[in-house]
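Visitor: have a look; sequence and predicted model below, questions after that.
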Protein chains: 4
Amino acid sequence: MPKIIDHDEYREELLHQCFDLFAEEGYASLSMRRIADELDVSTGTLYHYFSGKEDLFNQLVELITCRDLFDAKEALKGAKTPDERIDALLRFVEERETYFLNQSFIWMDYYRHQVADRDPDPRLGETLEQYRSGIARILDVRDPELAEFILTVINGWVLQRYFNRGKPPVETLSRMLRRLIHGR
Amino acid sequence: MPKIIDHDEYREELLHQCFDLFAEEGYASLSMRRIADELDVSTGTLYHYFSGKEDLFNQLVELITCRDLFDAKEALKGAKTPDERIDALLRFVEERETYFLNQSFIWMDYYRHQVADRDPDPRLGETLEQYRSGIARILDVRDPELAEFILTVINGWVLQRYFNRGKPPVETLSRMLRRLIHGR
Amino acid sequence: MPKIIDHDEYREELLHQCFDLFAEEGYASLSMRRIADELDVSTGTLYHYFSGKEDLFNQLVELITCRDLFDAKEALKGAKTPDERIDALLRFVEERETYFLNQSFIWMDYYRHQVADRDPDPRLGETLEQYRSGIARILDVRDPELAEFILTVINGWVLQRYFNRGKPPVETLSRMLRRLIHGR
Amino acid sequence: MPKIIDHDEYREELLHQCFDLFAEEGYASLSMRRIADELDVSTGTLYHYFSGKEDLFNQLVELITCRDLFDAKEALKGAKTPDERIDALLRFVEERETYFLNQSFIWMDYYRHQVADRDPDPRLGETLEQYRSGIARILDVRDPELAEFILTVINGWVLQRYFNRGKPPVETLSRMLRRLIHGR
DNA sequence: CATGAATGAGTTTTCATTCAT
DNA sequence: AATGAATGAAAACTCATTCAT
């Protein structure tokens, strides 16, 4: 076997390094040349590891979905009561605020692609459903409507933070959700 | 004015026709040629009414922001109590679900532009703030934290609908928010 | 209407100027940039008139097929007897020796393409048949086998001239074919 | 020699396997990667046996020229009279119809290369002349003009078969050529 | 006002070739 | 000997923009 690196390992390494770029520039505005320059490889190398820009992007989405689920599971391990779990999740999101914002942008781009495509990658439709239901399971609140609602709130919060730099702090959210569960 | 329409009127007409295109394709993926073809004009005409692609897009954002605020105000005119206002707003959003989803995509593109630009158009930073505070004022709930939270929820809901076709219905949201305001 | 030139007229003009290039370099080795440089236009202009390299090439084949048939018809107008017609055709080919050699190369490339393509342009399959039968009709020798044979000979002669610079002169062919028709 | 095959033998083996590829795709359209994949070796191996794509192609042409001459000689061994020899040659070509068509394509590419090159490989100009005169000698018809003409016919026939799938059968040719030699 | 021809820098992608292993 | 990772120049094609008409 030539060279020292493991093919798949290096491929993942490249994917990780792409995350911020795709989030900040957007799929369509980010050129392969730009990616190559930023990752300090040649465009040829990019095409050695991925069959094209779309493949690269799809693999990125798959990777982060998988990783996020794993990380969230880890973060909520100690939390027992619904209150604790919600708090832990909010804390989890808050700690990675920038990351999740970026992730939201990537998902939006990704979805635009799936819709525009006449022949969307079926694997990735599932990826999303997996993600959503995975989070719901992790939360483990009894009321499924409530679980869904919490996701909605988190979703909105991340975007809100973006459009509206700084506010609202996570404490407000936490307080609101407690009010919801326990009454005022 | 037998055939020659008013310059500004025609400009707005063109902008309106661009909305879906920008939402579905995304700023970077949408070419001036495509716009021209779709609007049944020549590229030359586009450049006659707008100084470039960016100008066209910025004017589009400005236009819809302005119009949305006006429409929301109209829709909430009859509603007096906070409950009624929230309900009316949710109903307002629900009725234009697709529109608001598209709008979210346009905002994402718009924001990416503002961030990427070293020299962002100052008018449009304000546009956004105007929009946010405008909505809050229209809602007129006494608790500012609650108003903010409602915006967050609506924001999240639109995206949620997108990622998660069909569910959750607006009734769930309505119920949740009532619970919040009046206790369980 | 902008600019002075007629769109279709200019397109044909461009096609004519491409002929030698395709013949000499071959379809695959000839780049759009090279064509553009040689024709003193930009690549953009090329793509304004043709939807791509393949379209350009296909249109070229169609054009020359059509024109050759017309020219051959003209050249054989005065010839009445089979002998005269064969002689006129050979003379016709001989006068454009280089041209027909180039044409053969283009046809070979063209056919490689049609075979390689999973979805060959149906128009051009016909173009070829038209060409073949057109020539046979123009020749108007009574024996169809003989007409076919003459085509074969001309085909081979053109290539032979190429591989074997200079020889054999057209007189040899003429003599051989007369021998065929009239006996030794 | 348990596993290590002879270097030159393996080189020839590789060349043989390239023939169809070059014929069908054409020199310019066929990539080294594609060759490597098809021959189940790495590109590195290709470059171990050949100094580059051009060298590989040139060696291929040299090999088939040499082999064809040998095979033709074998095939005409028993034939004594001119009639028999012509018949045997036509039969020889007919049996390898596809092969000779492919060979024509390879020769076309080869020639284009030689012409395009400012510094053509001198060995291969000779190769061609050798081929031509070799065939003429093998045929051994007394009239050199006739020999040349037969080559012309065969040349044209191969192409004709290509452009004009199926017809004309070799019998027509055979009959025509007999008529030529013996009168009607 | 409106058109669409023209441009050339930019995009994604391919490819012959090199070279560390 | 053999591999396949890496490269960067060049390919086909796109696109915002300009401008003669």
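Guide: Received, thanks.
Visitor: so where's chain A uncertain?
Guide: By pLDDT under 70, the low-scoring segments of chain A are A:1-5, A:118-125, A:127-129, A:132, A:140-145, A:162-170, A:173, A:177-184.
Visitor: switch to 80 and redo it
Guide: Scanning chain A for pLDDT under 80 picks out A:1-5, A:81-83, A:86, A:114-184.
Visitor: OK, now which residue of it is nearest to DNA strand F?
Guide: Closest residue of chain A to DNA strand F, CB to the nearest atom of the strand: residue A:44 (2.2 Å). C-beta here means a position set from N, CA and C on the backbone, and glycine is covered the same way.
Visitor: what about that residue, how many neighbours?
Guide: For residue A:44, the count of nearby residues is 8 (other CB atoms under 10 Å in any protein chain shown).
Visitor: in which helix or strand does it reside?
Guide: According to DSSP states H and E, residue A:44 maps onto helix A:43-49.
Visitor: so which residues make contact with the following helix or strand past that helix?
Guide: Moving toward the C-terminus from helix A:43-49, the first helix or strand encountered (DSSP H and E) is helix A:53-75. Helix A:53-75 is contacted by residues A:11-12, A:15-16, A:18-19, A:22, A:27, A:32, A:35, A:46, A:50, A:88-89, A:91-92, A:103, A:106-107, A:109-110, A:113, A:121, A:123-124, A:127-128, A:130-131, A:134-135, A:138 when judged by CB atoms under 8 Å, 6 or more residues apart in numbering or on different chains.
Visitor: try it again with 7 Å
Guide: Helix A:53-75 is contacted by residues A:12, A:15, A:18-19, A:22, A:27, A:32, A:50, A:88, A:92, A:103, A:106, A:110, A:121, A:124, A:127, A:131, A:134-135, A:138 when judged by CB atoms under 7 Å, 6 or more residues apart in numbering or on different chains.
Visitor: show me which positions of the helix holding residue A:44 end up buried.
Guide: Buried residues in helix A:43-49, counted by 16 or more other CB atoms under 10 Å in any protein chain shown: A:46, A:49.
Visitor: just stretch A:103-110 next, same as before
Guide: In stretch A:103-110, counting by 16+ other CB under 10 Å, buried: A:103, A:104, A:105, A:106, A:107, A:108, A:109, A:110.
Visitor: still on that earlier bit, among the contacts of helix A:53-75, which are in helices?
Guide: A:12, A:15, A:18-19, A:22, A:32, A:88, A:92, A:103, A:106, A:110, A:124, A:127, A:131, A:134-135, A:138 (DSSP state H).
Visitor: tell me the residue of chain A that sits nearest chain B?
Guide: residue A:156 (2.5 Å; CB to the nearest CB).
Visitor: ok, residue A:70 - how many residues close by?
Guide: Counted with other CB under 10 Å, residue A:70 comes out at 11.
Visitor: whoops, residue A:96 was the one
Guide: Neighbours around residue A:96, by other CB under 10 Å: 17.
Visitor: then residue A:58?
Guide: 21.
Visitor: could I get stretch A:89-97 in PDB with only the CA atoms?
Guide: Below are the C-alpha coordinates for stretch A:89-97, written out as PDB (Å, rounded to 0.1, in the frame of the first residue of the first chain):
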ATOM      1  CA  LEU A  89     -30.100  19.800  25.500                       C
ATOM      2  CA  LEU A  90     -30.300  23.600  25.600                       C
ATOM      3  CA  ARG A  91     -27.000  23.800  27.200                       C
ATOM      4  CA  PHE A  92     -25.600  21.400  24.600                       C
ATOM      5  CA  VAL A  93     -26.900  23.600  21.800                       C
ATOM      6  CA  GLU A  94     -25.800  26.800  23.500                       C
ATOM      7  CA  GLU A  95     -22.300  25.600  23.900                       C
ATOM      8  CA  ARG A  96     -22.100  25.000  20.100                       C
ATOM      9  CA  GLU A  97     -24.200  27.900  19.100                       C
END
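Visitor: now that stretch: buried residues?
Guide: Result for stretch A:89-97 [16+ other CB under 10 Å]: buried residues A:89, A:90, A:92, A:93, A:94, A:96.
Visitor: residues making contact with that stretch?
Guide: Stretch A:89-97 is contacted by residues A:72, A:75, A:76, A:100, A:139, A:154, A:161, A:170, A:173, A:174 when judged by CB under 7 Å, 6+ apart.
Visitor: ok, back up a step: I'd guessed the residue of chain A closest to chain B sits against residue B:155; true?
Guide: Yes. The pair residue A:156 / residue B:155 is scored as a contact, 3.7 Å apart, by CB atoms under 7 Å.
Visitor: which residues do these two both contact?
Guide: Common neighbours of residue A:156 and residue B:155, counting by CB under 7 Å, 6+ apart, are absent.
Visitor: got the residues of chain A near DNA strand E?
Guide: Neighbours of DNA strand E within chain A, by CB under 7 Å from any atom of the strand: A:2-4, A:30-34, A:43-44, A:47, A:51-54.
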